[in-house]
Structure formats: C-alpha cells, structure tokens
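*Asks:* pasting a predicted model and its sequence here:
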Amino acid sequence: MALAIAAIMLFGAVLWIQEFLFFPILESSTVMLFIVSLVLTQLAAIWWPDAADINRSFSWVFASAMVLSGAPLLALLALAVTSFVTSVISSRDTMIGLFESSRMVVSVAAGAIVVSITGQQTTLVSNAPVDARWLLNAFAAVAAVVITHALTAGRSADEDDFFNGFGVFSSIPKTILTDAAVLTLAPISVVVAERSLALLPLLLVNALTVHQTTLRASSREHEANHDGLTGLPNRRPFRERVTTSVAAGRASALVVIDLDGFKRINDHLGHQVGDVVLKVVAERLNKSVRPEDTVARLGGDEFAMFLEGEFEHESITRVLEHVLAEVRLPFEVEGNTLNVGASFGVALAPEHATHYEDLIERADGAMYNAKRNSLGVAIYNPDNREENHGRQSMLVELRDAIDHDELIVHYQPWVNTRTRNVMGIEAFVRWPHRKRGLLMPGEFVPLVQDGELSTALNKLLINKTLRDCARWQRAGYAMPVALNLLPLALLDEELPDYLANRIRSHQLKTSSVQVEFDDRYVSDSQLSDTDVLRNLRQLGVGVTLDDFGTGTGSLSHLRATPVDALKLDRKLIQTVGESTASRAIVRSLIAMAAELNISLIAKGVEELDTVQILHALGCHEMQGYLITRPLTAAQLAKWLSMSSFSVATQQIA
C-alpha cells in the first residue's frame, strides 16, 4: 500500500511537470500512436501470457517515449489503468495488481521528474535538432525509470514485504540490465517517429531482438544459480549470501535440512513422485520464512536456510519447529497420501563459527544428531563434535566387522503364559566390539542409512539364524523363529527370493520363519503396503510389527499393512500397572487384534504383577526378562531343555 500512496503523491508532481511539457496532445499523431501501442501491448498480456515480459517491456518503451514527447500525465494515466487491469486479471489478486501497477507508475513518474529537472524540451515540441545534450537528458530520464523500478522490487503487495524488498539487492543488476536494454530505445523511438512513422515497426523488430537476447543471457545466469526442479537458489549463491553476511559481522542462523525417508519414497514410488515431494517441500520452506531469509536446495533431498538476526537457542528452535510442522502436513501425489518428515540442524554465527565452511559443517553435524535421535530440530553442540566423528568411524568399523563375520546373533523366546508353551524365538544381531564390548542393536543399527550396508546386515542375520534354526529342528524343537530385520529391508525387492532360497537350502519350511519390522519405520515411510511384504506373506513367511502402540501412525497404517502379529511396545507394557491410560490402550489393542485375527505379544514383561494385569486384560503371549534374557544359540538350547515352558516337537505345518 505504501507504494500505491507514493504513486498517487507523484501524480501531483506530474501535474506540475505538465505545465512545462504540455502541448496539444490530440493533434500529435505520433503521441496518439504511442498511447494506442501502450494500451494494446499492456492488454495483450491477458491473451498472450507467455509473452507478458515482452509486452511489458514494449509498453514501457511507449510510455517513456510519451514522457519524452511531452505527454507525461497521459502516459502515467494510461500505464496506471492498463497495468492495474492486466495485473489483477493475470494474477487474480487485487493487492498484487495494485503493487505492480504502482511500481510501473512510480518508475515512469521518476523519469518525468528528471525530464523536468534537466529542462528537457522534446523535438516534437520545439522542432529543435537532436544534439548530445538532448540525448544525455533523455537517457538520464530512462535511467531514472530503470533504477526506480529495480529498487522498488518486492515479494508482494504487503507493506512490510515492500520495505523488506529494499534489502534484497541480489536481483537488481539483472533487472537493470534487462530493462535498460529495451528502454534505451524510447528516445530513439521519438526521433524515428518524427522522421517517419513507417520506420517504427522496423525499430520494434530490433527492440524484440535486443530484449530476447538479454532475456536469454539473464536466463542462463539464473539457471547457473538456481535449482532447475524447485527454482530455489543452489549452493553457489547460498554460499555467497552467507559469506557476505558473516563477513559483515551480522548475527545469523544457518540451517541444514535433510528429509526423512525420502530415499524410500523415491525408490518405491518412483522419481516422478520424488520430484513432486521435493517441489512441495521447497514451496513450504519458502513460504514459512521471512522475505529477507534465503532458502536453497543443496542437492538431492538436502535443503538449507539462512536467517539473519539475533537468535537465542529457544527462539530459533521455536521458529524451526513451526517450519517443520508445515513440512510434515500431508499432501496427495498420484493417489498416494504422503507426509514427509525432516531433520533440521542449526549453527549460529558468530556463536558457533564465523566462516561459511565451518558453519555448514557444524549445522550438518547438528542435523545428523537430530536425525539419529529423532529430535526434529537440533542446535550445534561443541560437545557432540567428537561424537559425529565417532559415528563415521563406527560405520567404517561396522563394515569391517561384517566383512570379517564378527557379528553374532542372540535369541529371546516369547511364550504363552496360560498354556506354558514356547510360541517362537526372536533373533537379533549384536556386535562384540573390540574396544567397546558387546553392543546392542540400538547402539549401531540407527547409524545404518545405506541400503548396501543394511542388506549385508540383514543377510548376515538370515544366514546365521536359519543355520541355528535347522539345528534346533534336527534336535526335535519345532518353534518358529522371527528375524528382526533392519527397516530398509522393506525396499529390498530381492529379499523375498533370497530368504526363500536360504530356507530351502537349510531344508526348513517357510512357516517356521517370520520377519519383524519396527512399526515406527513402517508408519513413517508411507510404504506400509509394499510388494516386499506381500511377497513375503505369499511365501508363507509371517510378518510382525514390532514396538507397536506408541507411534502416531500405528493405527492409520495397520489397515494397509499385511501383518500376522503385533508386538506391543515395552514402554506401554511397563506402565500398564500404574497408568489407567496405558491399560485402556492395551485393552483396546487386544480387542482390535482379536477382531482382525492378529496375534498380540506383550514385550518388556519383567514383573509378575504385569503378567497378572495382562491376563486380566486378555493378553497371554509375552516376552521379556521375566521369562529369560537374550541368549546365544548354545544358551538357548540349554534353556529349552531345562525350561518349565513346553516346546513343540512335531513338525511345523
């Protein structure tokens, strides 16, 4: 609105200018030609939107030519009305239309004021020859138009955005270059029109060539500095923006953003859907920040933001949690309802670093901390720097341990406490680290984000478990074994065939093998209804969702996920004795499982009181330290022979 008010105020100044530049307008066929051309080129943008930039540039040529011809007021009136009507119809937004038309009017009015100040008298009025002074004054007026238009660039018609736009100077040189290349033709048009109106079309052909050449050069520069898919700045201009700000000593926040589960979406639903996801995320990030902030795509599914200002840790966390909430909102893509999570890592200048390389490296480390610990947003902590280096070292050691067959498998049975039968054995991998001792899955499995490493771990677990399972069956024990696989197995299309081949090679039945997946990953990945799960079930392999009952997506994805059993999360089970809410949730899940004909197993049972409560609720299959701790294969064989729980000895059908 501020720009619109400024435009109206300038009309008064133009009225004063008109006193000095007025002449019988309607008697000039040249001026009439200019005004008709201005109106036609402006309105043509409505029917020819693809050429809107060309139409705007030519209308500016005609408006500037009218100013130089002594008709500034008529030029401003025609430009104001036609540009406003065109902008509103094209954008369907009155405020944006008012803003854009005001910019054009103010810019041309600035040129008219320069004409008045310099004492410019057009050849149409005075019949004076075109000399160096006339050309100098004419080009000064054109320069005023071009520079004013560039400086009044803003993101919207909102007043705050308008004033913020004055601080965004990165696009000003390109705007000036493009506009000046065409608008310098305005004084030439006046001179040519004086000599012969028939020559004007030839001049406009040259104007079109100049305009297109300039646009192509500007477009190449834009492509070099922007991501072709999302339209966001790429790494190069982002680096320049950060470096300039930090060098000036301004406080700021650099944020590195990595999407959660994007690779799974991209691999399963295809790159076309993945591209749509990236566009949606880019748009939401851009809309969630201030006009003066910068959002960039660094590559792949990695984005970055740069926010200038003094930020406390709590304030920047609140800001980014709001942005994260926007990113997580569900949206439709080709019939699929997707919601994408993200991990944000923050580094503050000058608190954490004063150079771009250090800032982005520390923001990247904070992002990995957020991803590893499911924090959503994490601020760089110097105490975690060694931990980040340690994470990379541990991944190298893990690959080496797999190559040298150093990982082992432990087993933990689950039982029916009412019938006293062993119902199955869960198998999970553990790592006897050379320096850190025996590492639990939770200490190294979350580090595995690479599909190749995940496949290697899953194959190791399958081979060792099926080998032990074959031994137990030869010894007369016929209980099923459940493989606790890494979540990336959901996207391993070769898994069903590989597992079937290994089952056959050990002369086992497919019904003696089950697979377990963490419910949190199945729910978050949006890939619960995968071909991998369906193919596993078609083989006769049972599917279990582990840690069920606490994730926000559990119930919403259960309908689409082909499963045979649910294992209730240990945190839910361990609070069932003291929490009325936990008991109500467990009771509801038991009823739901019975309705769906799905087995239900309570994990984390450690006390007899918990057993009695679960019995009262109707749950009888349990797993936990009260029954036994995880055991090696040899220890499990001994436990089976001595346990009070019965083990089936007949062959599994």
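*Replies:* Structure's in. What do you need? Keep in mind that what you see is a predicted model, and the values were worked out from it rather than measured.

*Asks:* the longest strand in the chain is where?
*Replies:* strand 421-433 (DSSP state E).

*Asks:* okay, buried residues for that one please.
*Replies:* By neighbour count with 16 or more other CB atoms under 10 Å, strand 421-433 contains the buried residues Val422, Met423, Gly424, Ile425, Glu426, Ala427, Phe428, Val429, Arg430, Trp431, His433. For every residue, glycine as well, the C-beta is placed using N, CA and C.

*Asks:* give me every residue that touches Ala75.
*Replies:* For Ala75, the residues meeting the contact criterion (CB atoms under 8 Å, 6 or more residues apart in numbering) are Phe34, Ile35, Leu38, Ala63, Ser64, Met66, Val67, Val108, Ala112.

*Asks:* test my guess that Glu516 contacts Leu485.
*Replies:* Yes: Glu516 lies in contact with Leu485 (CB atoms under 8 Å); the separation is 6.7 Å.

*Asks:* measure Gly300 to Val281 for me?
*Replies:* Gly300 is 12 Å from Val281, where distance means CB to CB, to the nearest Å.

*Asks:* who's more crowded, those two?
*Replies:* Applying other CB atoms under 10 Å to Gly300 and Val281 shows that Val281 carries more neighbours, namely 22 against 13.

*Asks:* roughly how far apart are that one and His322?
*Replies:* As judged by CB to CB, Val281 and His322 stand 15 Å apart.

*Asks:* mind checking how far stretch 315-329 is from the chain centre?
*Replies:* Centroid separation for stretch 315-329 versus its chain: 12 Å, with CA atoms, centre = their mean, to the nearest Å.

*Asks:* nope, stretch 489-506 is what I was after
*Replies:* 34 Å.

*Asks:* quick check: buried residues in that stretch?
*Replies:* Ala489, Leu490, Leu491, Asp492, Leu495, Pro496, Leu499, Ala500, Arg502, Ile503, His506.

*Asks:* may I have it exported as PDB, CA atoms only?
*Replies:* Once non-C-alpha atoms are left out, stretch 489-506 reads as follows in PDB (Å, rounded to 0.1, in the frame of the first residue of the first chain):
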ATOM      1  CA  ALA A 489      14.600 -54.300   4.000                       C
ATOM      2  CA  LEU A 490      11.100 -53.000   3.300                       C
ATOM      3  CA  LEU A 491      12.500 -51.700   0.000                       C
ATOM      4  CA  ASP A 492      14.800 -54.700  -0.800                       C
ATOM      5  CA  GLU A 493      12.900 -56.300  -3.700                       C
ATOM      6  CA  GLU A 494      15.400 -59.200  -3.700                       C
ATOM      7  CA  LEU A 495      14.700 -60.100  -0.100                       C
ATOM      8  CA  PRO A 496      11.700 -62.500  -0.600                       C
ATOM      9  CA  ASP A 497      13.600 -64.600  -3.200                       C
ATOM     10  CA  TYR A 498      16.900 -64.500  -1.100                       C
ATOM     11  CA  LEU A 499      15.000 -65.600   2.000                       C
ATOM     12  CA  ALA A 500      13.100 -68.400   0.100                       C
ATOM     13  CA  ASN A 501      16.400 -69.700  -1.300                       C
ATOM     14  CA  ARG A 502      18.100 -69.800   2.200                       C
ATOM     15  CA  ILE A 503      15.000 -71.500   3.700                       C
ATOM     16  CA  ARG A 504      15.200 -74.200   1.000                       C
ATOM     17  CA  SER A 505      19.000 -74.600   1.400                       C
ATOM     18  CA  HIS A 506      18.500 -75.400   5.200                       C
END
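
*Asks:* what average pLDDT does it get?
*Replies:* For stretch 489-506, mean pLDDT rounds to 88.

*Asks:* before we move on, what about stretch 511-521?
*Replies:* The pLDDT scores in stretch 511-521 average 83.

*Asks:* report the secondary structure element holding Phe303.
*Replies:* In the assignment (DSSP states H and E), Phe303 maps to strand 302-308.

*Asks:* packing partners for that strand?
*Replies:* helix 235-247, strand 252-260, helix 271-287, strand 294-299, helix 313-327 (3 or more CB pairs under 8 Å, 6 or more residues apart in numbering; DSSP states H and E).

*Asks:* what about 10 Å?
*Replies:* For strand 302-308, the helices and strands in contact under the criterion 3 or more CB pairs under 10 Å, 6 or more residues apart in numbering; DSSP states H and E are helix 235-247, strand 252-260, helix 271-287, strand 294-299, helix 313-327, strand 341-349, helix 356-372.

*Asks:* sorry, back to before: and the buried residues of strand 421-433, which two are the farthest apart?
*Replies:* Met423 and His433 (32.1 Å; CB to CB).
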